[in-house]
Structure formats: C-alpha cells, structure tokens
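Undergrad: build me a structure from this.
(2 chains)
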Amino acid sequence: MSRHGVARYAMAVALASWVFPAPAMAVDIPSAGGTVQVSATVPANLAFNATIFELVPNGTGGTDIGPQVSAMNFGNLASNGTFDPDGPGPQPPQPRALNSLKAFQVFFSLNAQGRPYQIKQTAASLRSGTNTIPNGAFIVTPLAGIGGDPSKPLPSGVSVGTRGTAAASNKVLFSSTGPGASLAATYGITDNPAQGATQPIPLDQPAGTYTTTVTFTATVT
Amino acid sequence: MPARDAQAFNARINRPVVQEALAPGQAADGSIQVENQGDQPLPVDIYLQDWEYLDGGTGEKLFSPPGSSPWSASPWISYHPSRLTIPPRGIGTVEYTIRVPEEARGGHYSVLFFESALGQLPPDEQGVTVQYTGRLGSLIEIDVAGTVQRTGDISALSVTEPSAGGPLHLSYTFRNTGNAVIRPKAFFNIVDAAGAYLGRGEFPQLYTFPGRSGTATAQWTGSLAPGDLSVLLTVDIGEGEPLVAEQPLRVSRAVIIEAVELAAGAPGRATLTLRNAGASGELRGTLSLISESGEVLGSAPIGPAALPAKERQNLPVTGLPPLAAGAAYRCHFKLAVGEAASEQVLPCRTP
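TA: As a prediction, this is how the structure comes out:
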C-alpha cells in the first residue's frame, strides 16, 4: 500500500498541534527583596488523540488519506481478482479469498511530558453470531515514521510494534522512552501475506454482519 | 458518516500516575481530572483494572480484571462517578478514595481507565464494521508504608570483547526479590587495573514486578588499549545502597585490521590498513594465506614497523605465495605491538 507522504505529514502536524498545546505554567514572583524568584511548573499530563481516516485509492495503485471516519466500516468483503496456485502449471487461476476493498489509517498523538509510554490495542475476533472471520486476515500494521511517513524518521526512543492480527489483547503498537510523536497504524482485511495476512477468509464464509471493537490504550510506562 | 460528523478520541488526564504511601488501615483520597480536547461532547466510562509488568523488564504491562492480580489494589479503591459526559473543551473530575486493609503488605497496583466509545455506527446489514474506543489509564501505585521491601540482585552480567572496529556489547539481568515494583537504573564504568576510568555508559531503565526479572543491553563505542580491564556495574533500585557487580574484560587485540587488499601475481602482495588500538612498541607479525579448502599456501612477514598508539597506517606485505585473480582466501594474521599479541582470521580475496 503506497501512500502520499505530504497528506500524511500534514495530518500528523495537525494532530500534533491538537495534543501538544503550550503547557500551562504557574509563575510566582514575590514582591519583597532585591532578587526575583521565578518558578514554573509543567503539569504531569497524559494527552492522547486517536483519529481514524479511510484510505482511498489514488488511481495509481496506491492510496491517499481520505475522509475522517468514526468507525472502520469495511463494508462487504469480495473476492477481488484471481491467483494461479501453480503458476505455469496445469491448474487454472482461481478466485482469491475474500478481502475488503477498504483500509483505514489511525493517527495517534501522545504527550506524556517526557515520561516513557506505551500505546496498545485490544480487539476480539470479528464475529457475526457464532461465525468468526479468521483472525489472520484482520491485520494491523504499526507504521515507522512520523505520522506513518517512512521518510520522516521517528524520534530516537520510539519503538514500533510488529505487524500482525488486530484480534489480540494488549498488543503493543508503539512504546517510547519519552519522546512524544505523531504515530500511525493501518488496519485492513486481506488475504495477502505481503500485507501480513496469515489466514484467508474462505469464499464460502457465512454471510452476516461481522463486528468487533478495537480499544486503543495509552498509559505511561 | 460524513467527515464533519466524524469523532476522534482526544482527551487528557492530569494524573497519569497516582503514588501513595499509606500505612495499614490508613485511607487517602484525591481526584483526577479528565479534559475533553475535542469539539464534541465526550462520554467517558471510568473503571478499574489491575496491571502488572510482564517478565523481561521492557515495561510491557498486562491489564486484567480488577482483583485478579496478587498485587491488586482494586478492592481498596472506590471512585465517583463511573460515567461522565464532558462538554467540548471542558473538564470532568473523578474523586477517589483508597483504603488500605490492616493486613496489607508490600506494593499494590491498579489502573483507573477513562474510556470513551466513539463512532457507534449501526453496522451494515451485511459487511464488516470495526468500532473503536480510546482510553487513558491513570496508574495507581500504593506502597503499604513500613512493609515495602525493595530488594533485588544482579543475576547476570556479560561483556563481550569488542570486535575489530565494533562496539562493546554489555547486558545485565536484574531479579526483583522484594514485594514491590522496582524500576532499576544502571550505569557501567570501564576501568583498568590501576582504577583509571576509560569509559562510561548507561543502560535503559528496567521495569520489574516482584519475583520477575528484566534484562537490559547497552553498547559502548570507543577504543580500549589491550590489557586486563573491568566493567563495574552500578544499579540504582531507588532505595538503599545501589547494587554493584564487576565483570573482567580482557582486550587482547593490539592491532585492529581495518582493510586487506590482495594483489594477484607471483609472488603475491598485500596492502594492510592497520590501526594501533593503544599498545606501545614496535609492530611485527605474519600473514598466512589459506585456500578455501583449508590448505596453508604460504606466509610472509609483516613489519617490523613503527605504528604509534591510536595511529592508522597502510603497510605493504610482500613475499606472499602466488595469488590468482578473483580468488577467495582466508588471511590468518598474527600481530604484536610490544608485548600485546593477537591472532585473527579474516576472509580476503584478490580483485
């Protein structure tokens, strides 16, 4: 999935301005004496922003940052395209497993006033009644780079979690020894191992409304 | 949902950590403020969970239902309210009370979460919808005063001899033998036999729960003279005397081989780029060529030459056995500067 770095970076900067306002300070200036004491306090806040955007095809095979959304509505899954299981062998191309035509990018901003912190996510499997979409097809990819832009290196001390199923408890997306940053992760439903899939969604997956909830958690370390 | 209606989680708490030292039977109260930094009302659910650091020391935490952890403080904590709706740019306040039981001992831990469910869209009739919630956690850490033991030991310390031009690799393992969280900070010093400090560095902080361990690694880049050195580790565990450990470090490589250029021909020739790691004296040695099959093809002397400490020099070596063009060999060096001697085998090839 290619992305337009400019759009992403602008979004990251905008988010950073929301979550990194000028710190409130208390200034105490006593009136007596020939010297003036000045003190300032930076409160021990923890600020966290999580905003979701849809990724939209840009017509060149990649995606751009699309509209902000309140939930990841992947819509109906479809078998988009075919694959040839034995290449030039005798078997004909076969339909791909079910995929979502949509993907989403979550931007995170976090300010822990210099303290180490972690951003985690927890989600249950996508379920419709007793039916479940294979966890290995619901993939989260924490992105390296400010706002997910690989050309903008993250500050030293920020570690990026591993790509894998989003249907997981306490999965670390990012951890930091202190520096705040604008961070991003993508969510997709795919059968493509290159995008992290470890399980396909079979073509005969029972129809239904599949839902789950992702909880993003921010705490200091 | 149109973009103008889309919601985001955008909040701030003023106390990401609440630390209290309370005697058995004692109580304390306080408040935590939650600020809605967004432009729409923010409904917030407030609830307790337990937390603990996982083994390994990285600071990764496990959250679990309240009262499920042996170090849980959740049953001691009451709070009000359990749900707030905070207006745009507004602030909500949650009051809490901590009551420590008479029989309590050691450190106890809980987390008060402030969670907001956003974007509760009606899902498609058929399709996949992922809702999301955001939450901020205020870690509550209670030391039961007079009963806390912050003790631990250094269960491992390792130092690898620096490779040619590479850094020194160090690691240590801390085991928490007390009954409360310990977040050790550790430093190392490299000293010689006379006690002179040659280098210093810091390990990343570790995060440990009682009975658990953590391992930290560090690197040190610099030049060390050959000899018998020591690495002194100092671990600050926040209370009492720091823990100290010592690990011997032998630096045997007097000369660092930075480059080897072989020239085909009969006899063969080589040009070496050598750096004196810090020894004093005259450089001398031998270079032996070994074929890929392991046969020793022949040797030639290196030096004697003057190579002052910390200096770099290109040295020609002549009299090697005949070398074919484009051939791969192994170069076996025996080098000494003064009394400091070392051996090294490197892959090498002719152009």
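
Undergrad: backbone torsions only: list them for residue 155.
TA: You didn't pick a chain, so chain A it is. For A:Pro155, the backbone dihedrals (degrees, to the nearest 10) come out as phi -60, psi 150.

Undergrad: what kind of secondary structure is the closest residue to it other than its chain neighbours in?
TA: With sequence-adjacent residues excluded and distances taken as C-beta to C-beta, 6 or more residues apart in numbering or on different chains, A:Pro155 is closest to A:Pro179, at 3.9 Å. Placement of C-beta: from N, CA and C, glycine included. Classification of A:Pro179 by DSSP: H, G, I helix; E, B strand; the rest coil places it in coil.

Undergrad: quick one: A:Pro179 from A:Pro116, how far?
TA: 10 Å (C-beta to C-beta, to the nearest Å).

Undergrad: who has more neighbours, the two?
TA: Per other C-beta atoms under 10 Å in any protein chain shown, whichever of A:Pro179 and A:Pro116 has more neighbours is A:Pro116, with 19 against 16.

Undergrad: if we can go back for a sec, where's the residue nearest to A:Pro155 relative to B:Phe187, distance?
TA: 22 Å.

Undergrad: and for A:Gly145?
TA: The value you get for A:Gly145 to B:Phe187, if C-beta to C-beta is used, is 32 Å.

Undergrad: among those two, which residue is more densely surrounded?
TA: Ranked by neighbour count (other C-beta under 10 Å), A:Gly145 and B:Phe187 place A:Gly145 first, with 21 against 15.

Undergrad: that one touches A:Leu154, doesn't it?
TA: Yes: under the criterion of C-beta atoms under 8 Å, A:Gly145 lies in contact with A:Leu154, with a separation of 6.3 Å.

Undergrad: list the contacts of A:Val158.
TA: A:Val158 makes contact with A:Phe174, A:Ser175, A:Ser176, A:Thr177, A:Pro179, A:Ala181, A:Leu183, according to C-beta atoms under 8 Å, 6 or more residues apart in numbering or on different chains.

Undergrad: which element is the second one on?
TA: Same thing as A:Ser175. strand A:171-176 (DSSP states H and E).

Undergrad: so what strands line up beside the longest strand that chain B contains?
TA: When chain B is parsed with DSSP state E, its longest strand is strand B:127-144. Paired strands of strand B:127-144, with direction, are strand A:72-75 (antiparallel), strand A:209-220 (parallel), strand B:17-22 (parallel), strand B:107-118 (antiparallel) (DSSP bridges).

Undergrad: for those strands, which one sits closest to B:Gly303?
TA: Nearest to B:Gly303 among the strands paired with strand B:127-144 is strand A:209-220; the distance by C-beta to C-beta comes to 58.4 Å.

Undergrad: between the closest one and strand A:171-176, how many degrees?
TA: If you take axes from the mean of the first three to the mean of the last three C-alpha atoms, to 10 degrees, strand A:209-220 sits at 30 degrees to strand A:171-176.

Undergrad: run the chain-centre distance for strand A:209-220.
TA: Here the centre of mass of C-alpha atoms in strand A:209-220, compared against the chain's by C-alpha atoms, centre = their mean, to the nearest Å, lies 11 Å away.

Undergrad: what is the neighbour count of the residue of chain A found nearest chain B?
TA: Residue nearest to chain B within chain A: A:Ser70 (2.7 Å; C-beta to the nearest C-beta). A:Ser70 has 20 neighbours, counted by other C-beta under 10 Å.

Undergrad: and A:Pro142, helix, strand or coil?
TA: What three-state DSSP gives for A:Pro142 is strand.

Undergrad: for it, what are its contacts?
TA: Counted by C-beta under 8 Å, 6+ apart, A:Pro142 has contacts A:Val160, A:Gly161, A:Thr162, A:Arg163, A:Leu173, A:Phe174, A:Leu183, A:Ala184, A:Ala185.

Undergrad: which among those residues count as buried?
TA: The neighbour count (16 or more other C-beta atoms under 10 Å in any protein chain shown) marks A:Val160, A:Gly161, A:Leu173, A:Phe174, A:Leu183, A:Ala184, A:Ala185 as buried among those.

Undergrad: hmm, the third one is touching A:Gly161, no?
TA: Yes: A:Leu173 lies in contact with A:Gly161 (C-beta under 8 Å); the separation is 4.7 Å.

Undergrad: residue nearest the centroid of chain A?
TA: A:Ala185 (2.1 Å; C-alpha atoms, centre = their mean).

Undergrad: enumerate the beta-bridge partners assigned to that residue.
TA: Note on A:Ala185: beta-bridge partners by DSSP bridges are A:Val106, A:Pro142.

Undergrad: so it touches A:Leu173, yeah?
TA: Yes: the criterion here is C-beta under 8 Å, and A:Ala185 meets it with A:Leu173 at 5.5 Å.

Undergrad: which neighbours do these two share?
TA: Counting by C-beta under 8 Å, 6+ apart, the residues touching both A:Ala185 and A:Leu173 are A:Phe108, A:Gln121, A:Val140, A:Pro142.

Undergrad: could you dump these to JSON lines with pLDDT?
TA: Formatted as JSON lines, the shared contacts of A:Ala185 and A:Leu173 follow (pLDDT from 0 to 100):
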{"residue": "A:Phe108", "pLDDT": "95"}
{"residue": "A:Gln121", "pLDDT": "96"}
{"residue": "A:Val140", "pLDDT": "95"}
{"residue": "A:Pro142", "pLDDT": "96"}
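
Undergrad: kind regards, and thank you for your time.
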